[in-house]
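**Student:** Model the following, please.
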Amino acid sequence: MREIRESRENLLAGEVARPGRPVALLIDDGHDDWVLPDEPFTAAGCRPVRSAGLREARASCANATPDLVFIPLTLGGKQVNAQLAECLSLDPAPVIVVVATNDQINAAAEAMRLGAYDCLFKPFSPGRLTRTIEAAVKKIKHAPQPDKRTTRTSRPAGLVTRPARAEATAHPPQEPAPPLSPQTVDGLNLSRRGFVASAAATRKALDRAVSIAASDAAVLISGEIGTGKSTFAGIVHDASPRAGGPMVTVSCATLTVRDFDNQVFGPQGALARAAGGTLYLDEIADLSGAVQSRLARIIESTPPARDGPGPRFVGSTVHAPNAALQNGLIRPELFYRLHVAPLALPPLRDREGDAALIAQVRLAQFSEVEGRGFTGFSQTALARISDYAWPGNLRELINVIQTIVLMNQGPLVTAELLPPEVRAGSRFARTASAEPSTGSAASAGAAPGRPDEFVGKTLAEIERMVIEATILAEDGSVPRAAKVLDVSPSTLYRKRDAWAKTLRDKL
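**Tutor:** Predicted coordinates for the structure are as follows:
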């Protein structure tokens, strides 16, 4: 402790660091499990300097900008992403490693998006700490060092200071997007569901999910394979008044009438176990027509939780809902009982920036679990990940990252470690329609917005598909959809009434 105090006092006094020996600023969050040993830092050639909170860190940085910063993601009950953004605006910027807990996945992802070099999730092994320090030091030594870096001049108080005004004008720091953290949406802990995202399209889907959650209406979630339908079903449950109740999932694939009866009915059936909570019916289009009809009657006869003991019903499908209805994959009586509050999820190719963000978070997690030495991605690798279409969406991306970690040692994921199809950067056209496509590239049917989707359909059918997709894209607003389509709202209302009458006549 005496050595720590002396090193801190020397730095605060303005002592100039010895050339070639990086200064590592270790900011303490006041918890016992945070204290990092000096040994791995000194062994890597660093000079560790400790600061007890932001106040001492400000004093330290006022006299000497550190080369390496280890900082808790939360200090004094507040996230430090604002300080990270300011710190990274320096030229040259220090290498930053954030330390987080497992329930801070989203905030950690945002920190890495802002430019943090790595993230350690507590508890981490000594080996993981050592590898992170060594990789950071290597990055520091290979970074270009301007002459002004060798003499550390006094700076105004602040965790870090921005460059001179002329430099700031030449390279203005971009305003970071607000972090998608557990505190972002009404205190909802998104990390509990493993939710990581920053794209505007994903935020829009999240906002709609939270809005839907407030009611007792049945929900139909649609999206391609691997887009996170079960995750969003969990978010709807967590954000609803019935969050304290159970959430029970029934996988509908391959269920016969007998299987369905056994799993759903009876004292131990899903219907009874989900009382007061949420019953999630995964992939309802896989049910036979007879089972779908039976399920529709159950939903109709089961009172909502606020009026009785029944659960709220949430269903999902990989198919575009209206196309599934028209093609007979979902029976009308079930469709209109579940499609009360539709929630369409965007494919990963339409989630700008999410693929690279998720890849970085998953790499840190898998590397920690498997005891590997991965510290990040090369810029080329991240560019390839961002350019690839990911027809398997999140499942495919996560599988690729896990395979890389299992088959290699690190420390850097280069483009050569990516699968050939990802290196090639092949991708589908971005989805034009708000309704998701009918599945992966191998699925029957083309992605919405492609001409071949309309082949074999009548002009009236195509018109309906376009109108319904536009209404869905406008969050169910007929007036806004009418404005997009350049028709009057009364025209759309009249057409929808006619379609509903036709379906009622068929029942």
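**Student:** What segments of the stretch 1-150 of the chain are strands?
**Tutor:** 23-27, 47-51, 68-72, 74-75, 78-79, 95-100, 118-121 (DSSP state E, counting those that start in this stretch).
**Student:** now do the stretch 201-350 of the chain
**Tutor:** Under DSSP E, counting those that start in this stretch, the stretch 201-350 of the chain gives strands at 219-222, 247-251, 278-282, 312-317, 341-344.
**Student:** ok so, going back, dump the strands of the stretch 1-150 of the chain to TSV, plus mean pLDDT and distance to residue 422.
**Tutor:** Quick note: C-beta positions are derived from backbone N, CA and C, even for glycine. Below are the strands of the stretch 1-150 of the chain laid out as TSV (pLDDT from 0 to 100; distance: least, CB to CB, whole Å):
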stretch	mean pLDDT	distance to residue 422
strand 23-27	87	35
strand 47-51	86	39
strand 68-72	89	31
strand 74-75	81	34
strand 78-79	77	32
strand 95-100	87	27
strand 118-121	79	22
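**Student:** which ones are touching residue 54?
**Tutor:** For residue 54, the contact set (CB atoms under 8 Å, 6 or more residues apart in numbering) comprises 27, 75, 76, 83, 159.
**Student:** now swap in residue 481 and tell me
**Tutor:** Contacts of residue 481 by CB under 8 Å, 6+ apart are 467, 470, 471, 473, 474, 492.
**Student:** that older thread, turn the strands of the stretch 1-150 of the chain into a markdown table, including distance to residue 109 and mean neighbour count.
**Tutor:** Converted to a markdown table, the strands of the stretch 1-150 of the chain look like this (distance: least, CB to CB, whole Å; neighbours: other CB atoms under 10 Å):
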| stretch | distance to residue 109 | mean neighbour count |
| --- | --- | --- |
| strand 23-27 | 20 | 25 |
| strand 47-51 | 25 | 23 |
| strand 68-72 | 16 | 25 |
| strand 74-75 | 15 | 16 |
| strand 78-79 | 12 | 16 |
| strand 95-100 | 10 | 24 |
| strand 118-121 | 8 | 24 |
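**Student:** Need those in JSON lines (columns: distance to residue 419).
**Tutor:** Below are the strands of the stretch 1-150 of the chain laid out as JSON lines (distance: least, CB to CB, whole Å):
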{"stretch": "strand 23-27", "distance to residue 419": "36"}
{"stretch": "strand 47-51", "distance to residue 419": "40"}
{"stretch": "strand 68-72", "distance to residue 419": "33"}
{"stretch": "strand 74-75", "distance to residue 419": "36"}
{"stretch": "strand 78-79", "distance to residue 419": "35"}
{"stretch": "strand 95-100", "distance to residue 419": "29"}
{"stretch": "strand 118-121", "distance to residue 419": "24"}
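**Student:** Those: which one's closest to residue 381?
**Tutor:** Among these, the nearest to residue 381 by CB to CB is strand 118-121 (15.3 Å).
**Student:** For that closest one, C-alpha coordinates in PDB please.
**Tutor:** Taking Å, rounded to 0.1, in the frame of the first residue of the first chain, the C-alpha atoms of strand 118-121 are listed here in PDB:
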ATOM      1  CA  ASP A 118     -11.600  -4.700 -24.200                       C
ATOM      2  CA  CYS A 119     -14.000  -5.700 -21.500                       C
ATOM      3  CA  LEU A 120     -13.500  -7.900 -18.500                       C
ATOM      4  CA  PHE A 121     -16.500  -9.500 -16.900                       C
END
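**Student:** Note down every partner strand of it and its orientation.
**Tutor:** Strand 118-121 has the following strand partners under DSSP bridges: strand 95-100 (parallel).
**Student:** For the stretch 301-450 of the chain, just list every one of the helices.
**Tutor:** For the stretch 301-450 of the chain, applying DSSP state H, counting those that start in this stretch gives helices covering 321-326, 332-338, 354-370, 379-387, 393-407, 420-424.
**Student:** Please produce TSV containing the strands of the stretch 201-350 of the chain, extended by distance to residue 487.
**Tutor:** Formatted as TSV, these follow (distance: least, CB to CB, whole Å):
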stretch	distance to residue 487
strand 219-222	25
strand 247-251	41
strand 278-282	35
strand 312-317	29
strand 341-344	22
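**Student:** For those strands, give me a markdown table that also has mean pLDDT, distance to residue 423 and mean neighbour count.
**Tutor:** Shown next, in a markdown table, are those (pLDDT from 0 to 100; distance: least, CB to CB, whole Å; neighbours: other CB atoms under 10 Å):
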| stretch | mean pLDDT | distance to residue 423 | mean neighbour count |
| --- | --- | --- | --- |
| strand 219-222 | 96 | 31 | 27 |
| strand 247-251 | 91 | 35 | 19 |
| strand 278-282 | 94 | 33 | 24 |
| strand 312-317 | 95 | 32 | 27 |
| strand 341-344 | 94 | 31 | 21 |
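**Student:** Check what pLDDT the residue nearest the centre of the chain gets.
**Tutor:** Centroid-nearest residue in the chain, with CA atoms, centre = their mean: residue 196, separated by 2.0 Å. Listed pLDDT for residue 196 reads 80.
**Student:** Assign a three-state SS to it, would you?
**Tutor:** coil (DSSP: H, G, I helix; E, B strand; the rest coil).
**Student:** Now it, what are its backbone angles?
**Tutor:** Torsion angles at residue 196 (phi, psi; degrees, to the nearest 10) stand at phi -130, psi 120.
**Student:** Okay, it and residue 363: tell me how far apart.
**Tutor:** Taking CB to CB, to the nearest Å as the measure, residue 196 falls 12 Å from residue 363.
**Student:** Residue 310 too?
**Tutor:** Taking CB to CB, one finds residue 310 at 43 Å from residue 363.
**Student:** before we move on, what about residue 484?
**Tutor:** 40 Å.
**Student:** Ok, residue 120 next?
**Tutor:** Using CB to CB, residue 120 is found at 13 Å from residue 363.
**Student:** just residue 58 next, same as before
**Tutor:** 32 Å.
**Student:** Count the neighbours of the closest residue to residue 418 other than its chain neighbours for me.
**Tutor:** What sits nearest to residue 418 in space, not counting adjacent residues and going by CB to CB, 6 or more residues apart in numbering, is residue 384, at 5.7 Å. When neighbours are defined as other CB atoms under 10 Å, residue 384 has 22 of them.
**Student:** and residue 384, what pLDDT?
**Tutor:** The score at residue 384 is 90. That number is its pLDDT.
**Student:** Kindly report the same for residue 174.
**Tutor:** Per-residue pLDDT puts residue 174 at 33.
**Student:** Same question for residue 150.
**Tutor:** At residue 150, the pLDDT value in this model is 39.
**Student:** Which of residue 484 and residue 363 has more residues huddled nearby?
**Tutor:** residue 363 (24 against 12).
**Student:** isn't that one right next to residue 406, touching?
**Tutor:** No - contact criterion CB atoms under 8 Å: residue 363 and residue 406 do not qualify, at 11.9 Å.
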